[in-house]
Structure formats: C-alpha cells, structure tokens
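Trainee: Any chance you could fold what I've pasted below:
(2 chains)
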Amino acid sequence: MKHFLKTASAAAVLLASFSASAADIKPSVVFDMGGKFDKSFNEGVYNGLEKFKSETGIKYREFEVTNEAQREQAIRRMAKRGSDIVLGIGFAQNDALAKVAGEYPNAKFAIIDGWATGPNIQAIGFKEHEGSFLVGMVAALKSKTGVVGFVGGMDIPLIRRFACGYVQGAKHANSGVKVIQNMTGTTPSAWNDPSRGGELTKGQFAQGADVVFAAAGGTGVGVYQAAKDAGKFAIGVDSNQNHLHPGTMLTSMIKRVDVAAYNTFMDVKKGTWEAKSRYLGLAEDGVGWAIDKHNRALISADMESKVEAARMAIIAGKIKVHDYMNGNKCNM
Amino acid sequence: MSSSPTKPLPRWIDVGLVPILNIVIALLVSGLIIFIIGEDPWDAVQIMAYGALGFDEGIGFTLYYMTNFIFTGLAVAIAFHTGLFNIGGEGQAYIGGLGVGLCLLVLDTALPIWILMPLCILVSGMFGAAWAAIPAYLQAYRGSHIVITTIMFNFIASALMVYLMVNWLIKPGQMSPQSVTFADQSHLPFMSEVFAWFGMEIAQTPLNITVFWALFCCIALWAFIWRTKWGFETRAVGHNEPAAVYGGVDPKRTIMVAMLISGGLAGFVGLNEIMGVHHKLLLNFQLGYGFTGIAVALMGRNHPFGIILASLLFGILYQGGAELAFEMPKITREMVVTIQGLVILFSGALAYMSVPWVSKVYNILAADKPVPAEGEA
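Mentor: Next up is the predicted model:
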C-alpha cells in the first residue's frame, strides 16, 4: 500500500507539473486491435504521435485494446483522467467514442476513420478510393500481361472501398485490364498474416498478374516479398513502403494517418482544434501515390504524366471516383 | 522416517494449496520479467490487484470476463468428461451470438423482455449446439477427429459472420460491419442498472445479469455430470469407452449429447456479448474466449466450481492486465499476455510440477503426527 501511495503521490506531482506550464496539454490515444506496431495503419498514427512528442516534449497516454469491451473502457478512462484530447483509431471505435464524448462534454475527442459527430468530436476520414484509383492506374499502365492483382485483409467495407477505387483506376488506364481480387482471411489475424499474403500473391502471379496491390496491414509484407522473389511488382499501402524492396515496389498508396494524428494533437496544443469532421482526399493530400528515389526508375515519364493528369482531374472534379460506401456497392 | 511409505496428499492440499502455489510461482517469474524490463514488480502486483478487485469498475469488468470464461470453461469441461477436446468454443460462441442477434433484429420491439430473455437463452444455446452438432456427428458416426473439425468450424463460423455482417446485416450508411442497435427494451439489464433499482450507484461496466445465468449453468452442469444417468454415461465413455459399451451405454449418442451441451454453453457467450453488452451484432465479440476456456477448464480441473474460481482468476488477469498496461507505459499488452501465459503454463500445463515437492514437505511435516485412521493400512 505504501508503494501504491508513493506511485499515486508521484503521479500527483507529475500532474501538478503538467498544469504548471499552461501551454502543455494532456493528449491520449487509444490504438485498436492491430496494435501500435502493425507496420501499417496503427503504426502510422504512432509515428505521427512520436513526432509530436519529440517536437513538443509533451508525453501522451496510450492504450492498445485487445477485445471489444476495452474500447469504451479505455476511451472513458482517458477522459476520466483529464485528457484534453482523446484520439481513437479505427472505425471500430466510432460508437464507443461517440458515447463517451457525450459523457465528457468538456474533453475533446477525435477519431481517425470514424464518422461520429458532436460538439466535441472531430471525425477524420480518408478518401481511400481516390488514392487507390491512382495506384490502380499505375498498376494497369505498368502491367505487361494486362492482369493486375489485389490482396485485401478482411472482406469489410473499408477494404472494398480500396478495391473498388483500384479497379476503377486500372480500368481507366486500360479498359481491357483484368483485376484478380483476394481477401486474406475472416478474422483479425488476416491483418497480420504475411505467409498467407505471399501465397495469395503467388496464386495471382500464376493466373497472369504481374502487379499486386496489398491493402492488408502487416500481411502486405508477405505480398511484397513474393513480388520480389518472382521479380514482379507490388504496391504498398498506408505508409510509403517503397523502400522495403527497391526495384519491385512499384509505388505506395499513402494514407496520411500520421499527419492526421500529428495535426490533431498540434491543433489542440495551438488552440486551433475544431469539432469539425474532415474528409481527406487527393485535394487535401490526405491520400496519394508515392514517388521517391526507390521507385523512380520504375515509373516512366509517360506513366507519371498520365497518373498526375488523373490526379488533377479528380481534384478538379472531372473524374468522379465511385466510393464503395456510397450505396455499399462497386459498379464495376 | 524416510522408510515410511509416502502418504497421499489430503484433498485440501491437492485442490487448494497446489493451485495457489502454482499461481505464486507464475507471479514470481512474471515479477522477475517485470523487474528486468525496469518496473517495480510489487507495484505491478498491486496495480493488478487493485485494478481488478479494488473498485467497482474494476470488479465489474473482472466479473464480466468471468461470465464469458465460465461459459467456455464449462463447454470445454463437459466435452473433456466425455473424452473429447472441443476447440470449437470460439465458433460456437460466435454462432450463438448470431442466433441472439437475428432473434433480436426481428423481435426486439415485438416481444417484452421477460419473453425475449428465455427465448434468447434458448436461441443462443441452440445455435451454439447446432454449430457443435456437425463436428459431433462426424466424430461419433464417421470417426473424424473432433479437434480437427471443431477448429475448422471456427474458421467457417468467422467466414459466415463476415459474409453476413458485410453483405446483409450491416447498418447502412456507415463503415463498421455492425448491425443496427436493438431497441432499448430488449437489452439485458446491466448490473449498474440492477443496483440502481435498489438505490445503489455503481460504475457502468459490461457486467450484466448474464452472470447469474452463468452461475446457474455451473450448478446445473454439476448436477448433470454427477447426479444424472446421462452424466454418468458421459463420464463412463470418457474414462473407458469399451467398458461403457459393455455397461450398455451408446457412446455415439453420448458424444452427441455432450457436444450439444458443450456447444450450447459456448453459445451463451453470444448471449452475454450481444444481448447483454453490445446490443447489436458485430464482428469478433467472441475473440479469445473460446480458447481461453480450455485453460480455464484445465485449471478448474473440469469441475464446475473449480471453473468458477479459474474464471475469476482469468477475469482478474484480463482486467488487472489491462490496468497494468494502462498505468505502466513499459508494460505493453504483449507483456500482459506473457504474464497470462505464465499463469496458464504453471497452473495448467505444469499443474503437477510442484506436487512431488509439496508431497515431500507434507510427508516430513506429517511424519511427526500419528497416522490418521483413514490413512493407508
């Protein structure tokens, strides 16, 4: 008990030192089941927040949920501990966050990939279909066989949105292209199953595909490896993964969750945070395709100009990319 | 005297002291690891204990986890008594939840809660039992090993659930594969609401009245196994099948009965989660409970009352572990899994490791006393 009191009093001192400097905020984040080191979505957030921490010196509280019930528990606990901002990660936390936000009207809440609204909630969504459209074009333009592949994690609406955008982009570049789609699994382990990802990719190669796009979290690692082994091409997702296998990583569909997470905390610190939903697409640089020194040689000037032209056309509204969420179907 | 024969351990040591000793060993090893990564093990133990049992919210979560573990633990235990290893608790729980969900999606406003409650108990049990029935049939009548078939059925269950949730049952206009929320009147009361009826205020947690059903199931299963003819038959088949056949027991039918009960018990996890906690159908609500049920049954020695204690322990580990991850930044959730794994290792897999030492110490201590009358002649 003595030790416990000691810890408590230490925490109190820490708390006091927090409130001593008025500019410092108390941010917190609740990662989802993938965990903060999933090499993908959650890790993108983690990287953004680590950047915030190293720049401002402000520490943040964090929790990684391991079951359904813990989402609400963790978000509520963060709010109860007086967090200025609670950042929830992933659509699965949407309802829990909305509920707790109602209970703590004075705290701020933000959710990435969510859609909750409220006087103290900021929902940040991404137009994954727009980014996927561009990498679909890249895939179709690069393919010699006219067959491209897609490996998803679980067959959920979010991944169908990636797939739908990808197919549209591929068909836009080459109307005769064939797209093979596979999902990795039906349980959350599908997000972290590189060996299955590799097998699916080999299967797609055997069916004639020569470019494969993975939207499957950690499973993608196996997809990229299979592409390298076969001397074919793979497209990364979420973070810029071009550096993983220079020469066979054609490009990456980047989804800037790191920037979104960083900006959320930064806005709160600066006092410019608003309880306004944001929906980030190509126009806001929330999604995009990556060209860097690792894949420069793989992208011809012709390809780049075509894809860039499409990007501008989407931003200008001249090309409409159908969103799977719009009617829960993909008209392709 | 060293020449005297070793006495068998009295029951209180076998079922009381030895398991406690095993947990202490597991905690000591965990403490060593926590010390190595640079946190204070004693603080960690206190945070865990306080987090799980020290305040109303912690207790609520601990008992909520306990509820699920009791169901899956009992499911594994009844199969064990018949000599079967039901690894399909996960899938049976998933499908049990599907049954409750479908039932409530259709009837949540049509029927009052006092009809919905028994109906959903029945439906969750029947769906879970149905999911266990196919592997049971294949084992009993076709000789397909039940370990293989039940584990395969877990995957079929999750594939089915993803298909249904994404294509048919999803609430339109949003991204998360979850159904619409059931009408308020169809929710099982949370314990916080039950306490509120009596004017007491406790923190809102997922703990709901399903916990009473879980405890009732323990008593019912105890009575079934040790007080009924069918229970005797399941134990007979489990101990010695040829002898059971000689005694006139039909092992095929017994396997079917035991597995249906097993599947039904696992299905009640769906009752707790869907009707009691989430109030909507969603994916992965059953995650991990089916498999942890195996450890719970092992630790509870397949006895319903042992399973209550083991479930409580696992509830403490789950909730206390979450608190630990929350309070100590260096302790990640992987560390928490390690601690849980050590407890399972020492109390499940190595349950009898300490018995020879305990036996030696007991014999030394007991040697001074006169041999009790009921001791060996």
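
Trainee: In a helix, B:Val180, correct?
Mentor: No. Applying DSSP: H, G, I helix; E, B strand; the rest coil, one finds B:Val180 to be coil, outside a helix.

Trainee: ok, it touching B:Lys280?
Mentor: Yes. Between B:Val180 and B:Lys280 there is a contact under C-beta atoms under 8 Å: 6.5 Å. C-beta: built from backbone N, CA, C; applies to glycine.

Trainee: From A:Leu87, how far off is A:Tyr46?
Mentor: 11 Å (C-beta to C-beta, to the nearest Å).

Trainee: Which one's more surrounded, those two?
Mentor: Per other C-beta atoms under 10 Å in any protein chain shown, whichever of A:Tyr46 and A:Leu87 has more neighbours is A:Leu87, with 31 against 22.

Trainee: in the sheet, who's paired with the more buried one?
Mentor: Per DSSP bridges, the residues bridged to A:Leu87 are A:Val29, A:Ala110.

Trainee: Model confidence at it, what's the number?
Mentor: Listed pLDDT for A:Leu87 reads 97.

Trainee: and it, what does it touch?
Mentor: A:Leu87 makes contact with A:27-30, A:45, A:49, A:109-112, A:261, A:264-265, according to C-beta atoms under 8 Å, 6 or more residues apart in numbering or on different chains.

Trainee: try 10 Å this time
Mentor: Contacts of A:Leu87 were listed using C-beta atoms under 10 Å, 6 or more residues apart in numbering or on different chains, and they are A:27-31, A:45, A:48-49, A:60, A:62, A:75, A:78, A:93, A:97, A:108-112, A:122, A:124, A:260-261, A:264-265, A:268.

Trainee: Which element, helix or strand, includes the nearest residue to B:Tyr289 once chain neighbours are set aside?
Mentor: Computed as C-beta to C-beta, 6 or more residues apart in numbering or on different chains, the closest residue to B:Tyr289 that is not its neighbour in sequence is B:Asn68, at 4.5 Å. Element membership for B:Asn68 (DSSP states H and E) is helix B:56-81.

Trainee: ok, and the closest non-adjacent residue to the most centrally placed residue in chain B?
Mentor: In chain B, the residue lying closest to the centroid (C-alpha atoms, centre = their mean) is B:Phe69, at 2.4 Å. Spatial nearest neighbour of B:Phe69, excluding adjacent residues (C-beta to C-beta, 6+ apart): B:Ser311 at 3.7 Å.

Trainee: Distance-wise, check that neighbour relative to B:Ile70.
Mentor: On the measure of C-beta to C-beta, B:Ser311 and B:Ile70 end up 5 Å apart.

Trainee: what sits in contact with each of the two?
Mentor: B:Ala214, B:Cys218, B:Gly293, B:Val296, B:Gly300.

Trainee: Out of these, show me where the pLDDT dips lowest.
Mentor: Per-residue pLDDT puts B:Gly300 lowest of the shared contacts of B:Ser311 and B:Ile70, at 89.

Trainee: wait, what's in contact with B:Val277?
Mentor: Counting by C-beta under 10 Å, 6+ apart, B:Val277 touches A:68-69, A:72, B:64, B:67-68, B:187-188, B:190, B:205-208, B:210, B:271, B:285.

Trainee: Run through the bridge partners of A:Val212.
Mentor: Those that pair with A:Val212 in a beta bridge, by DSSP bridges, are A:Gly149, A:Ala234.

Trainee: Give me the buried stretch members for the lengthiest helix in chain B, please.
Mentor: If you go by DSSP state H, chain B has its longest helix at helix B:113-142. With burial defined by 16 or more other C-beta atoms under 10 Å in any protein chain shown, the residues of helix B:113-142 counted as buried are B:116-117, B:120-121, B:123-140.

Trainee: name the helices or strands packed onto that helix?
Mentor: Helices and strands touching helix B:113-142, by 3 or more C-beta pairs under 10 Å, 6 or more residues apart in numbering or on different chains; DSSP states H and E, are helix B:56-81, helix B:89-107, helix B:146-164, helix B:210-227, helix B:251-270.

Trainee: now do 6 Å
Mentor: helix B:89-107, helix B:146-164, helix B:251-270 (3 or more C-beta pairs under 6 Å, 6 or more residues apart in numbering or on different chains; DSSP states H and E).

Trainee: out of these, nearest to A:Ala313?
Mentor: helix B:146-164 (35.0 Å; C-beta to C-beta).

Trainee: what's that closest one packed up against?
Mentor: helix B:89-107, helix B:113-142.

Trainee: so what's A:Ala215 closest to, chain neighbours aside?
Mentor: A:Phe162 (4.1 Å).

Trainee: Run through the residues of the stretch 51-200 of chain A sitting next to chain B.
Mentor: Within the stretch 51-200 of chain A, the positions near chain B by C-beta under 6 Å from any C-beta of the partner chain are A:63-64, A:66-69, A:91-92, A:155-158, A:186-187.

Trainee: which of these count as buried?
Mentor: Buried members of these, counted by 16+ other C-beta under 10 Å: A:63-64, A:66-69, A:91-92, A:155-158, A:186-187.

Trainee: can you tell me which of these are in strands?
Mentor: Per DSSP state E, strands hold the following members of those: A:Phe63, A:Glu64.

Trainee: Which two among the buried ones among the residues of the stretch 51-200 of chain A next to chain B are spaced furthest apart?
Mentor: Among these, A:Phe63 and A:Asp155 lie farthest apart (C-beta to C-beta), at 28.0 Å.
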